[in-house]
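Engineer: Could you look at this predicted model? Sequence included:
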Amino acid sequence: MTDLNKLSIAEARDALAKGDVTSVELTDACLTAIEGAGALNAFVHKTPEMARDMARAADTRLKAGDATALTGIPLGIKDVFCVKGVPGQAASNILKGFVPEYESTVTQNLWNAGAVMLGKLNQDEFAMGSTNESSSYGPAVNPWRLADGTQLTPGGSSGGSAAAVAADLCLGATGTDTGGSIRQPAAFTGTVGLKPTYGRVSRWGVIAYASSLDQAGPMTKSVRDAAIMLGAMASADPQDSTCADIPVPDFEAALTGDIRGKRIGIPREYRMEGMPAEIDALWKQGAEMLRDAGAEIVDISLPHTKYALPAYYVIAPAEASSNLARYDGVRYGHRAKLGAGDGIDDLYAKTRAEGFGPEVQRRIMIGTYVLSAGFYDAYYNRARKVRALIKRDFDNVFAEGIDAILAPATPSSAFPLGSVDKGDPVQMYLNDVFTVTLNLAGLPGISVPVGRDGKGLPLGLQMFGRPFGEADLLNQALVLEKAAGFVAKPDRWW
Amino acid sequence: MSITEDEARKVAHLARIAVDDAQLPALARELSGILHFMEQLNEVDVEGIEPMTGVTPMRLKRREDVVTTGGMPERILSNAPDAREGFFAVPKVVE
């Protein structure tokens, strides 16, 4: 077999089971692809020796008949996940040189299933960003580019994960999604990204951004692969008190392709002013695909949608300002050089000014402000009340019998690197307009590639499911994926 | 609502991030812009709404109040920029 790195997880699993390939062969194919893809800046720490050791162990396990669906499958891991003994800094200079002494629950679950670690993937610093440009490693680059060669953002924050999956550098990757950081990069790269229900996947060992919103999930080449990977990532976890104590279903077994009688909601508030006609047309096509498969399409209203973005940009920075207080130059990472007479406060303030990038500093300061005396009620508590109303909007439509919701994933296709005005953070925040609602409500959502725009770039649609209803959601997404038949791949230029 | 330079200085201090005085006007402008964006929230009627604390209706897990881990000072200190004799070292804090 050639081009083993281009296989999906499901295809590779079947080939491994039949003995047509070995994990060592699969892993070598990915390592070669990674070596040749420096221009994408997707892998920021490579672990080839670890990968080959794990692949050999997987081959032994496969021979012994003790394999799971992920045994021998080479994966990339977003930098934000702690992997014991492998440098990880959440793309921040303040954690430069940090080597975790412990393993995140998600990656431990993946290794227990027999998956192979290829290395760490680029992202926005502390997962704050929508373009992967706020990374201490420099931006990851989208394998898709414009006809004139203009380089595009792969989206963010899980931009390295999306670029690596789209360019076939790995069979699948982990991502995290606080305001759209799995679904937006998936849409920008023609890949599948699933944000599970809050509490489905443990946050233990995942470097925190906003703890009530962060959730890890799979980024893959197909919906089936997302089902396989989520099954291995998810678990109850005594180490994370917000991780739900509920059984993990067989997500792949739920992929029947039958959605007859399901009621799919089309939320009218997502038809934003100034939305490109191509996105609107794609959305209509997606609804028709689901109707053709026997689903009932229902117009619905989520009246507080408009307020999700401002509520998010109060709550997420507030939690970030608290979470990131731990980076003080004492226990790990960067410490500023002190001048004569500098005390402990200078140590903190200089270390943090040097170690955090501009966007992270901005969010910490906004978060500090909205939590400070006199403003806590006006901003933070008000945002939490609006958040309750946003969640209630979803509760209401689900109570009325809606099974899932279909919406655009992003307001545009991927845009050129460097095109967002750094002096206007609000402009960048608007990228998250279709995705943050889901994090605020804690619901599961999946981005599926459905078409291409006039520039030839991939466009995605998003489906939202009921709480802990990932199995049904994946099945509905499978129908959309099959009907859309998106098979395009970027031409290799890197 | 706009943030003054003095308020920007105060926020930077509370956040323990050193900001040069020369950068305070730009910082104040930037923070004001973001706060202005957030003011849309004032349009929403939140009368009688409880602030949301968690997304899933579940009781916080409890466990026995016992020691479950420890005894690994060298691993705890392994990433410290300055560790001596089993401790994190910092500039003098007590006169």
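Structural biologist: Arrived safely.
Engineer: where exactly do the helices run in the stretch 301-450 of chain A?
Structural biologist: Using DSSP state H, counting those that start in this stretch, the helices assigned to the stretch 301-450 of chain A run over residues A:308-323, A:344-355, A:358-371, A:382-399, A:425-429, A:436-441.
Engineer: So is the last one next to chain B?
Structural biologist: Yes. Applying Cβ under 8 Å from any Cβ of the partner chain, one finds helix A:436-441 in contact with chain B at A:Ala441. Quick note: C-beta positions are derived from backbone N, CA and C, even for glycine.
Engineer: mind listing the helices for chain B?
Structural biologist: B:5-14, B:24-38, B:73-77 (DSSP state H).
Engineer: Distance from stretch A:317-333 to the middle of the chain?
Structural biologist: With Cα atoms, centre = their mean, to the nearest Å as the basis, stretch A:317-333 stands 22 Å off its chain's centre.
Engineer: That stretch vs chain B: in contact?
Structural biologist: Yes. For a cut-off given as Cβ under 8 Å from any Cβ, stretch A:317-333 has contacts with chain B, namely A:Ser321, A:Ala325, A:Asp328, A:Gly329, A:Val330, A:Arg331, A:Tyr332, A:Gly333.
Engineer: Mean confidence (pLDDT) on that stretch, please.
Structural biologist: Stretch A:317-333 shows a mean pLDDT of 97.
Engineer: so where's chain A shaky on pLDDT?
Structural biologist: Along chain A, the parts satisfying pLDDT under 70 run over A:1-2, A:423.
Engineer: If we use 90, what do you get?
Structural biologist: Across chain A, the ranges flagged by pLDDT under 90 are A:1-2, A:272-276, A:373-374, A:420-433.
Engineer: what sits against the residue positioned nearest the centre of it?
Structural biologist: Geometric centre of chain A, nearest residue: A:Ile182, 2.1 Å, by Cα atoms, centre = their mean. Going by Cβ atoms under 8 Å, 6 or more residues apart in numbering or on different chains, A:Ile182 touches A:Ser158, A:Ser161, A:Gly175, A:Thr176, A:Gly193, A:Leu194, A:Lys195, A:Gly217, A:Met219, A:Ser447.
Engineer: and the lowest-mean-pLDDT helix or strand in chain B, which residues are buried?
Structural biologist: None of the helices or strands of chain B scores lower by mean pLDDT, DSSP states H and E than helix B:24-38, at a mean of 93. Within helix B:24-38, the residues that qualify as buried are B:Leu24, B:Leu27, B:Ala28, B:Glu30, B:Leu31, B:Ser32, B:Ile34, B:Leu35, B:Phe37, B:Met38, counting by 16 or more other Cβ atoms under 10 Å in any protein chain shown.
Engineer: got it, and stretch A:380-398?
Structural biologist: By neighbour count on 16+ other Cβ under 10 Å, the buried set for stretch A:380-398 is A:380, A:382-391, A:393-394, A:397-398.
Engineer: Keep those residues, but drop any that are not near chain B.
Structural biologist: Near chain B, judged by Cβ under 8 Å from any Cβ, the entries from the buried residues of stretch A:380-398 are A:Arg382, A:Ala383, A:Arg384, A:Lys385, A:Val386, A:Arg387, A:Ala388, A:Leu389, A:Lys391.
Engineer: Including distance to A:Val314, could those go into TSV?
Structural biologist: Shown next, in TSV, are those (distance: Cβ to Cβ, whole Å):
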residue	distance to A:Val314
A:Arg382	8
A:Ala383	4
A:Arg384	8
A:Lys385	11
A:Val386	9
A:Arg387	9
A:Ala388	13
A:Leu389	14
A:Lys391	16
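Engineer: okay if I get the helices of chain B as a markdown table plus distance to A:Phe375?
Structural biologist: Formatted as a markdown table, the helices of chain B follow (distance: least, Cβ to Cβ, whole Å):
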| stretch | distance to A:Phe375 |
| --- | --- |
| helix B:5-14 | 10 |
| helix B:24-38 | 9 |
| helix B:73-77 | 36 |
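Engineer: mind putting the ones you listed in a markdown table, distance to chain A included?
Structural biologist: Rendered in a markdown table, the data for those read as follows (distance: least, Cβ to the nearest Cβ, whole Å):
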| stretch | distance to chain A |
| --- | --- |
| helix B:5-14 | 5 |
| helix B:24-38 | 5 |
| helix B:73-77 | 4 |
